[in-house]
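# need a structure here:
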Amino acid sequence: MMAKNKTVRLGDPPTENKRPESLFVLTVLLFFAGRGAGKMLISICPQWSGTVDTAVIHLCTAAVMIPYTLTTLIRRDMLLRDRRNTGEMVFFFITALAVILAADSLISLLARLWGGGAAAGFGDASGMSAAATAGYPVRMFAVYAVCVPVTEELVFRGVFFIGIRCRYSFVTAALLSSVLFALMHGIGLAAAAALVTGIVLCYVYEKTGHLIVPVLVHAANNIIALIVMK
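The predicted structure follows:
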């Protein structure tokens, strides 16, 4: 009799699993395909260029990635890795959000001290800007508070982090997936802010086992950035 595959539980050592390389390659290809579709749509509809072009790209990416990643994670039993009570989930949500906001503030402060100007924070790294959000507040809220967090958490924590975590330690999986997350958000200080955010979100997912918690932390961080930009 063949033994059933065991789901990776929180704090467990890495387990042997099917090689995730093909999954990673397909995920990356679809991710860039979604972004490419958004850019093509903007070229076809030039009235969308300018303040909403980044939002269009995010929406197209979400349309491609959300169905694919959800299906993949559910089929591989990777969506819910453990079950924690609501109190623990709230604790990790509040703690993670506080750490991310503190790190963003510290990075911005260091940028002002060293560079004499304001730093590009994680909100700017996601493509948010005061000009874009001011013109279309409701649409931008929907994009950056819903579409972006769901898409990026499914891809970077759901697929990349857990795919690596099935074979390697938490530290290795968190660092590698967070570096990819940072590279997708720009360079310099924006990447540094995204790197810290990525590591914190990996830790939250590791501790809670629910992808909804990092999604909510990510969404709350973006909402705060939108409010501050106003």
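# Could you report the neighbour count for Met184?
Neighbour count of Met184, defined by other Cβ atoms under 10 Å: 17. Glycine gets a C-beta too; all of them are placed from N, C-alpha and C.
# right, I mislabeled it, should have said Ile223
15.
# how about it, what does it touch?
141, 144-145 (Cβ atoms under 8 Å, 6 or more residues apart in numbering).
# Just the element for it, please.
helix 212-229 (DSSP states H and E).
# How far off centre is the one helix or strand Val138 maps to?
Using DSSP H and E, the element containing Val138 is helix 137-142. How far helix 137-142 lies from its chain's middle: 18 Å, per Cα atoms, centre = their mean, to the nearest Å.
# circling back: pull out the buried members of the contacts of Ile223.
By neighbour count, with 16 or more other Cβ atoms under 10 Å, the contacts of Ile223 hold 144-145 as buried.
# picking that back up, buried set for the helix holding Val138?
Those would be Met140, for helix 137-142 by 16+ other Cβ under 10 Å.
# In terms of secondary structure, what does it contact?
helix 212-229 (3 or more Cβ pairs under 8 Å, 6 or more residues apart in numbering; DSSP states H and E).
# In the helix it packs on, which residues are buried?
Quick answer for helix 212-229 (16+ other Cβ under 10 Å): 213-222, 224-226, 229.
# mind putting those in CSV, pLDDT and distance to Ile199 included?
Converted to CSV, the buried residues of helix 212-229 look like this (pLDDT from 0 to 100; distance: Cβ to Cβ, whole Å):
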residue, pLDDT, distance to Ile199
Val213, 93, 15
Pro214, 95, 11
Val215, 95, 16
Leu216, 95, 17
Val217, 96, 12
His218, 95, 13
Ala219, 94, 18
Ala220, 95, 17
Asn221, 92, 14
Asn222, 90, 18
Ile224, 89, 19
Ala225, 85, 19
Leu226, 82, 23
Met229, 69, 25
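# nearest to Arg165, of these?
Pro214 (13.6 Å; Cβ to Cβ).
# who touches the spatially closest residue to the closest one that is not a sequence neighbour in this structure?
Excluding the flanking residues, the one nearest Pro214 by Cβ to Cβ, 6 or more residues apart in numbering is Leu201, at 4.1 Å. Counting by Cβ under 8 Å, 6+ apart, Leu201 makes contact with 96, 153, 156-157, 214, 217-218.
# how does it look with 7 Å?
96, 157, 214, 217-218 (Cβ atoms under 7 Å, 6 or more residues apart in numbering).
# Looking at these, which is nearest Leu73?
Arg157 (10.1 Å).
# Look up how far Trp114 lies from the closest one.
31 Å (Cβ to Cβ, to the nearest Å).
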